[in-house]
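> Make a model of this:
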Amino acid sequence: MAEKLAAVTPVIRLRGISKSYPGVTALSGIDLAVSVGETLAIIGENGAGKSTLVKILSGVIAADEYDGVLEVNGEPVAFDSPRDALAAGLCLIPQETSLHPQLTIAENILLGALPTRGFGRVDWDRTRDLAATYAARVGLGEDLGRAVHQLSPGRRQLVAIARALGREPSVLLLDEPTASLDRPEADRVLEVVTGLRETGVSCVYVSHRLAEVRRIAQRIIVLRNGHLVAERGPEATPRDLIGKMLGTRSPVATSQRGAPKVGDVLLEAEGLAVADPRDPRRRLISGVDLNLRAGEVVGLVGLVGSGRTELLWALFGGLPRTGVVRVGGAAIAPDTRAAVAAGVGLVTEDRHSTGLFTQMDVAKNITAATLDRLRYLGRINQKAEVAAADGQVRALGIRTPSSRQAIGSLSGGNQQKTLLARWLLRDSRVLLLDEPARGIDIGARVEIYKELRQLAAERGCAILVTSAEPSELVGTCDRFIVLRHGGIVARIDADDTDEERLLAIASGAEGLLYGEPVGTNESR
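Next up, the predicted model:
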């Protein structure tokens, strides 16, 4: 049972709100209230239910029918769409702002509510005046005739807030509003949110960044596995908040890690940087130096927007980059073909959209990166293809009646093993894995991480892996690299850390929890 801090004069109240999907309970019996002018922060790990809760409040999805009540200003409501929520005074600002890049700041602020005059024509003078009013409330001093695509991410976020204020909401719902912003831009957003308190606007603020929520929130609620497990005030310590987020669960792979037999450096990067394609002045990745050695599994830890995925794609040559990447001591071009030829394989975060060929069978998915070795007289040797795939099916224990089985009929865990098999058939010795256990059950997760340990120990692979569940990595990895704002902020041996410490460093709370921040010198 969560410890409660009473909220008075609620503008919104939830009683017993739940949301389930087939096989998954996203929210279970949530009770909470938000007062007029209050900033309520919601924290929790990925998958805790934060986004589901915000989507219910904003009308994007509906709570389970006949289960719970949502009240606005004391009246029960049922939202069928975001339009309904907006009419009730609840406005969502999603993590990825839905601005129109080619339109001006003024047009974006008033879009959908442009003032008109005779014959339905837009009153541009009135548009500029109104836009200027809302822009001033968020401290946006740019020329309102400037196109939004010319703005930095932080300034675009301020435009999104100004547009929301233009709807005169009583409650703003902000989902990770600073996740992709650098520190000065994030600070400006926080100042705006704090200032809204004086105007009576309530805010529901979702974030992974503990320092932020402790700075701006009157109350903090903690979600874990769809349950509201704690409510705290801003005086709550990072250790307390992280402890509530994690609960008492044990890492799923604590038995997987053994003493690594570390060999030569297989991959190294120096001064790696990736520019934001929307704003070349901003860096998604900046000045990253790292190395991966044969026989080790390295965990890449970071919050949403830290640059984990971008770093993996940059190493693989899938994003334009500056700096140098070497494999086996030889520099490779920033190109995926060059990376594959050098022995680098990437298992992407979304296996269905960027990993698997969903209309093909298991064999073709396994051999997709090795077709050049299976051709004979310009055609694929079907027998050789099946034989190669069958070998990987046996080696990785992929559960399928046949390698000719449709890939879509396999479980999530076996689909992930199929993607691993693709790169092992290619003899890739450097494996980059982005959320390899995403969307699979706990038993399959244990198998995947056990497989990674075996690949490092038996084949001498160098593995760099990310996960939204640090508990998985703590039980699997030999050392950790922690990213924040696109840069490495810590490098730690596995024996010197735990899940709590990793989350503290990733969220910028390590100084509050442990004193001096962890150093960034390479441990190996």
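> Give me the most central residue, this structure.
Most central in the chain under Cα atoms, centre = their mean is Val304, positioned 3.7 Å from the mean C-alpha point.
> And that residue, how close does it get to Phe119?
Noted for Val304: a distance of 47 Å to Phe119, by Cβ to Cβ, to the nearest Å. For every residue, glycine as well, the C-beta is placed using N, CA and C.
> Kindly report the same for Asp434.
From Asp434 over to Phe119 (counting by Cβ to Cβ), the distance is 53 Å.
> the more surrounded of these two?
The residue with more neighbours, out of Asp434 and Phe119, is Asp434; 24 against 5, by other Cβ atoms under 10 Å.
> my guess is that one meets Gly307, correct?
No - between Asp434 and Gly307 there is no contact under Cβ atoms under 8 Å: 11.9 Å.
> Please identify the buried residues of the host helix or strand of Val189?
In this structure, Val189 sits in helix 183-196 according to DSSP states H and E. By neighbour count on 16 or more other Cβ atoms under 10 Å, the buried set for helix 183-196 is 185-186, 188-190, 192-193, 196.
> now swap in stretch 133-152 and tell me
For stretch 133-152, the neighbour count (16+ other Cβ under 10 Å) marks 134-135, 137-138, 140, 144, 148, 151-152 as buried.
> ok so, going back, what about the residue nearest to the residue nearest to the centre of the chain when sequence neighbours are not counted, distance to Ala186?
Closest residue in space to Val304, ignoring its immediate chain neighbours: Ala179 at 4.7 Å, by Cβ to Cβ, 6 or more residues apart in numbering. The gap separating Ala179 from Ala186 is 9 Å, by Cβ to Cβ.
> next one: Val193
Per Cβ to Cβ, Val193 is found 11 Å from Ala186.
> Same check on Tyr134?
In this structure, Tyr134 and Ala186 are 21 Å apart, going by Cβ to Cβ.
> Who are the contact partners of Asp498?
Asp498 makes contacts with Val474, as judged by Cβ atoms under 8 Å, 6 or more residues apart in numbering.
> Can you check the pLDDT for Ala342?
For Ala342, the model assigns a pLDDT of 93.
> From what I see, it and Gly329 are in contact.
No - in this structure Ala342 lies outside contact range of Gly329 using Cβ under 8 Å: 10.6 Å.
> between the two, who's got more neighbours?
More crowded of Ala342 and Gly329, by other Cβ under 10 Å: Ala342, with 21 against 9.
> ok now do the residue lying closest to the more buried one once chain neighbours are set aside, which residues does it touch?
Excluding its sequence neighbours, the residue lying closest to Ala342 (Cβ to Cβ, 6+ apart) is Val327, at 4.0 Å. Counting by Cβ under 8 Å, 6+ apart, Val327 makes contact with 266-267, 339, 342-344, 430.
> make it 10 Å
Shown in contact with Val327 (Cβ atoms under 10 Å, 6 or more residues apart in numbering): 265-268, 292, 315, 338-339, 341-344, 429-430, 462.
> quick one: which of these is nearest to Leu371?
Taking Cβ to Cβ as the measure, Leu371 lies nearest Ala341 of the contacts of Val327, at 13.6 Å.
> Which of the helices or strands spans that closest one?
helix 336-342.
> picking up where we left off before, specify the beta-bridge partners of the residue nearest to Ala342.
Leu267, Ala330 (DSSP bridges).
> Please tell me how far Val222 sits from Val446.
As judged by Cβ to Cβ, Val222 and Val446 stand 27 Å apart.
> quick one, which of the two is more surrounded?
With neighbours defined as other Cβ under 10 Å, Val222 and Val446 compare such that Val222 has more, 27 against 20.
> give me the beta-bridge partners of the more buried one?
Val222 forms beta bridges with Ile43, Ala230, as assigned by DSSP bridges.
> Check the residue nearest to Ala342 and give its pLDDT.
Here, the pLDDT recorded for Val327 equals 95.
> Distance check, it against Val344.
Computed as Cβ to Cβ, the Val327 to Val344 distance reads 6 Å.
> Name the residues contacting each of those two.
What both Val327 and Val344 touch, as defined by Cβ under 10 Å, 6+ apart, is the set 266-267, 292, 315, 338, 429-430, 462.
> re the thing from before, identify the contacts common to Ala179 and Ala186.
Both Ala179 and Ala186 are in contact with 153, 157, 207, 209, 305, where contact means Cβ under 10 Å, 6+ apart.
> Using CSV, lay out the residues you listed together with pLDDT and distance to Ala26.
Output for the shared contacts of Ala179 and Ala186, formatted as CSV (pLDDT from 0 to 100; distance: Cβ to Cβ, whole Å):
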residue, pLDDT, distance to Ala26
Pro153, 75, 28
Gln157, 84, 26
Ser207, 86, 19
Arg209, 78, 22
Gly305, 75, 22
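> quick one: which of these sit in helices?
Counted as lying in helices by DSSP state H, out of the shared contacts of Ala179 and Ala186, are 153, 157.
> any chance of the shared contacts of Ala179 and Ala186 in CSV, plus neighbour count?
Below are these laid out as CSV (neighbours: other Cβ atoms under 10 Å):
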residue, neighbour count
Pro153, 19
Gln157, 27
Ser207, 26
Arg209, 23
Gly305, 23
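> For Leu90, give me phi and psi.
phi -110, psi 120 (degrees, to the nearest 10).
> That one contacts Glu168, doesn't it?
No - contact criterion Cβ atoms under 10 Å: Leu90 and Glu168 do not qualify, at 11.8 Å.
> Looking at those two, which has the bigger crowd around it?
For Leu90 versus Glu168, neighbours defined as other Cβ under 10 Å are more numerous around Leu90 (27 against 12).
> what's near enough to touch the more buried one?
Counting by Cβ under 10 Å, 6+ apart, Leu90 has contacts 11-12, 54, 57-59, 70, 72, 77, 79, 82, 84, 167, 169-173, 202, 204.
> among those residues, which are in helices?
54, 57, 82, 84.
> Would you mind listing the two of the residues you listed that lie farthest apart?
Farthest-apart pair in the ones in helices among the contacts of Leu90 is Val54 and Asp84; separation 15.3 Å (Cβ to Cβ).
> And those two? Which one has more around it.
Neighbour count, other Cβ under 10 Å: between Val54 and Asp84, Val54 has more, with 24 against 14.
> what number of residues lie near Leu319?
19.
> So it is in contact with Pro277, correct?
Yes - with contact defined as Cβ under 10 Å, Leu319 reaches Pro277; the gap is 8.7 Å.
> Tell me the pLDDT of the residue nearest to Val304.
70.
> just the strands in the stretch 1-150 of the chain please.
Ranges of strands within the stretch 1-150 of the chain are 10-21, 24-35, 39-43, 69-72, 75-77, 90-93, based on DSSP state E, counting those that start in this stretch.
> what's the most buried one of these?
Of all those, strand 39-43 has the most neighbours on average by mean count of other Cβ atoms under 10 Å, namely a mean of 26.
> angle of that strand against helix 183-196?
In terms of direction (axes from the mean of the first three to the mean of the last three Cα atoms, to 10 degrees), strand 39-43 departs from helix 183-196 by 130 degrees.
> Tell me the helix or strand right after the longest strand belonging to the chain.
For the chain, the longest strand by residue count, based on DSSP state E, is strand 279-293. For strand 279-293, the following helix or strand on the C-terminal side (DSSP H and E) is strand 297-301.
> Using PDB, write down the CA coordinates of that next one.
Written as PDB, here are the backbone C-alpha positions of strand 297-301 (Å, rounded to 0.1, in the frame of the first residue of the first chain):
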ATOM      1  CA  VAL A 297      30.100  -7.900 -22.400                       C
ATOM      2  CA  VAL A 298      29.800  -4.100 -21.900                       C
ATOM      3  CA  GLY A 299      26.500  -2.500 -20.700                       C
ATOM      4  CA  LEU A 300      25.500   0.900 -22.200                       C
ATOM      5  CA  VAL A 301      23.300   2.700 -19.700                       C
END
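> What strands line up against that strand, and which way round?
Sheet pairing for strand 297-301, assigned by DSSP bridges, gives strand 462-466 (parallel), strand 479-484 (parallel).
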